[in-house]
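Undergrad: quick one: sequence and predicted model below, then my questions.
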Amino acid sequence: MNKVILLGRLTKAPEIRYSQTTNTKIALFTLAVNRRFAKQGEERETDFINIVAYSKLADFSEKYLSQGTQVNVVGRLKNRSYEDKNGTKKYISEIIAEEIYFADSKKKADESILWQNNSNNTQVTDTTGNIDGLFDSADDLPF
């Protein structure tokens, strides 16, 4: 199973591009994710993770996300390679976003918006941010 769940803040507003072949909207942004623990006497480290969102999720990212916004991103890890201008092969890892949740908001703390970008459809679901009641039993939990 290839599933990644991240909590972090955008380092800058999403960059919007369009694919060359299908003209699909693509939002690119970097998420600053603090590591859970720090070595004694050292500051907590931060990882900077590249996120890619497509289609309506890219529309959502462009409209609602900005520098400093704290979000949860659920997606999958993708590794790819390309050749730079000098012919050197470069490798890149990125997260393909499938869901984005607001983790902080100017709205009430118990309100959030979930965008799910499935292969067949895109939907918006209002959630309370409370995990209680979302699953019928512990066997239904995704982790």
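TA: Yep, it's here.

Undergrad: going by C-alpha atoms from here, please, whenever you check contacts or count neighbours.
TA: OK.

Undergrad: tell me how far the most centrally placed residue in the chain lies from Glu43.
TA: By C-alpha atoms, centre = their mean, the chain has its centre lying nearest to Val73, at 3.1 Å. Noted for Val73: a distance of 24 Å to Glu43, by C-alpha to C-alpha, to the nearest Å.

Undergrad: try Leu6
TA: Separation of Leu6 from Glu43 (C-alpha to C-alpha): 20 Å.

Undergrad: can you give me the neighbour number for the nearest residue to Arg17 once chain neighbours are set aside?
TA: Setting aside the residues directly before and after it, Arg17 is nearest to Ile26 in space (C-alpha to C-alpha, 6 or more residues apart in numbering), at 5.1 Å. Burial measure for Ile26: 21 neighbouring residues, criterion other C-alpha atoms under 10 Å.

Undergrad: got it, and Glu83?
TA: Using other C-alpha under 10 Å, the number of residues around Glu83 comes to 10.

Undergrad: any buried residues in stretch 10-19, and which?
TA: Using 16 or more other C-alpha atoms under 10 Å as the burial criterion, the residues of stretch 10-19 that qualify are 10-11, 13-14, 16.

Undergrad: format those as a markdown table; extra columns: secondary structure.
TA: Supplementary listing: the buried residues of stretch 10-19 in a markdown table, determined by DSSP: H, G, I helix; E, B strand; the rest coil:
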| residue | secondary structure |
| --- | --- |
| Leu10 | strand |
| Thr11 | coil |
| Ala13 | coil |
| Pro14 | coil |
| Ile16 | strand |
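
Undergrad: can I get the residues you listed in JSON lines including pLDDT and distance to Val52?
TA: Supplementary listing: those in JSON lines, determined by pLDDT from 0 to 100; distance: C-alpha to C-alpha, whole Å:
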{"residue": "Leu10", "pLDDT": "97", "distance to Val52": "12"}
{"residue": "Thr11", "pLDDT": "96", "distance to Val52": "14"}
{"residue": "Ala13", "pLDDT": "97", "distance to Val52": "13"}
{"residue": "Pro14", "pLDDT": "97", "distance to Val52": "9"}
{"residue": "Ile16", "pLDDT": "97", "distance to Val52": "10"}
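
Undergrad: where does pLDDT dip in the chain?
TA: 105-143 (pLDDT under 70).

Undergrad: helix/strand/coil for Glu62?
TA: Per three-state DSSP, Glu62 ends up helix.
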